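In: next come a sequence and a model predicted from it.
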Amino acid sequence: MRLSGQDMEAKLRATNYTDSQLMKLNYDHSKHLVTMNYMGQSDTDREERKYTVFFKSGFLAKFDVW
């Protein structure tokens, strides 16, 4: 199932995602697939758990270095 950008953003916000919880970001060039792993906790979860999000042929990122 392919979500719209707004739907994807809503799902990420529902897990209270912040950049500091990012565990792994992997890009598979041959498959044009980005895999993002992070720890998060939704409003209904009691404990944090690992989430995995896949982006297929449509991912844009900007990384700032401090």
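Out: Good, I have the coordinates.
In: helices and strands of the protein: which one has the lowest mean pLDDT?
Out: Taking mean pLDDT, DSSP states H and E as the measure, the chain has helix 5-14 as its least confident helix or strand, at a mean of 75.
In: buried ones in that helix?
Out: Leu12 (16 or more other Cβ atoms under 10 Å). For the C-beta atoms, the positions are set from N, CA and C on the backbone; glycine is no exception.
In: the following helix or strand past that helix pairs with which strands, and in what direction?
Out: Following helix 5-14 in sequence order, the next helix or strand is strand 22-28 (DSSP states H and E). Next to strand 22-28 in the sheet, as set by DSSP bridges, lie strand 33-40 (antiparallel).
In: so in that sheet, which strands flank the helix or strand just after the strand it pairs with, and in what orientation?
Out: Next helix or strand after strand 33-40 toward the C-terminus (DSSP H and E): strand 49-56. Looking at strand 49-56 with DSSP bridges, its partner strands are strand 33-40 (antiparallel).
In: if anything else comes up later, I'll come back, but that's it for now.
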